[in-house]
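In: Next come a sequence and a model predicted from it.
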Amino acid sequence: MESTTDLGFREMQEIQRELQEKYKDKWEKLCPEASLKTFLWLMIELGEAADVIKKEGNESIMKDDAVRRHFLEELADVMMYFNDALLCYDISIDEFKEVYLEKHRRNMERW
């Protein structure tokens, strides 16, 4: 499933669906009832990314390949759980995009 273009939300959700299908007998189904656990895991992964910043520092993330790779892996986990959260509520990419762009327009006009 390698892509030669940017990794977009549609592709990320397809990847998450593939992962969920593979482990459907081991993992809880993504649905509204599972969302709280999904959001908790998302927060944990955000904390792990922040922990890399705290322990290794910004300079190491920018210059040390191993530290940078670890940081990116934590950010990948964040994106995986974020997409799982969307899937819990059957939020389409088009639906999310509409609200995201609307929010951006409002933010552009705030100050």
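Out: That came through fine.
In: Lowest mean pLDDT among the helices and strands, pick that one out for the chain.
Out: Using mean pLDDT, DSSP states H and E, helix 9-22 stands out as the lowest-scoring helix or strand of the chain, at a mean of 94.
In: counting contacts, what elements does that helix pack onto?
Out: Secondary-structure packing of helix 9-22 (3 or more C-beta pairs under 8 Å, 6 or more residues apart in numbering; DSSP states H and E): helix 65-88, helix 93-108. In short, each C-beta sits where N, CA and C put it, glycine included.
In: got the contact list for residue 52?
Out: 61, 67, 70, 71, 74 (C-beta atoms under 8 Å, 6 or more residues apart in numbering).
In: after the least confident helix or strand of the chain comes which helix or strand?
Out: Per DSSP states H and E, helix 9-22 leads on to helix 35-63 as the next helix or strand towards the C-terminus.
In: now the least confident helix or strand of the chain against helix 93-108, angle please.
Out: Angle between the axes of helix 9-22 and helix 93-108 is 130 degrees (criterion: axes from the mean of the first three to the mean of the last three C-alpha atoms, to 10 degrees).
In: can I have helix 9-22 written out in PDB, keeping just the CAs?
Out: Taking C-alpha atoms only, helix 9-22 is exported to PDB below (Å, rounded to 0.1, in the frame of the first residue of the first chain):
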ATOM      1  CA  PHE A   9      -6.400  11.100   6.000                       C
ATOM      2  CA  ARG A  10      -8.200   8.800   3.500                       C
ATOM      3  CA  GLU A  11      -5.100   6.600   3.200                       C
ATOM      4  CA  MET A  12      -4.500   6.700   7.000                       C
ATOM      5  CA  GLN A  13      -8.100   5.600   7.600                       C
ATOM      6  CA  GLU A  14      -7.800   2.900   5.000                       C
ATOM      7  CA  ILE A  15      -4.700   1.700   6.900                       C
ATOM      8  CA  GLN A  16      -6.500   1.800  10.200                       C
ATOM      9  CA  ARG A  17      -9.400  -0.100   8.800                       C
ATOM     10  CA  GLU A  18      -7.000  -2.800   7.500                       C
ATOM     11  CA  LEU A  19      -5.300  -3.000  10.900                       C
ATOM     12  CA  GLN A  20      -8.700  -3.300  12.700                       C
ATOM     13  CA  GLU A  21      -9.800  -6.000  10.300                       C
ATOM     14  CA  LYS A  22      -6.600  -8.000  10.900                       C
END
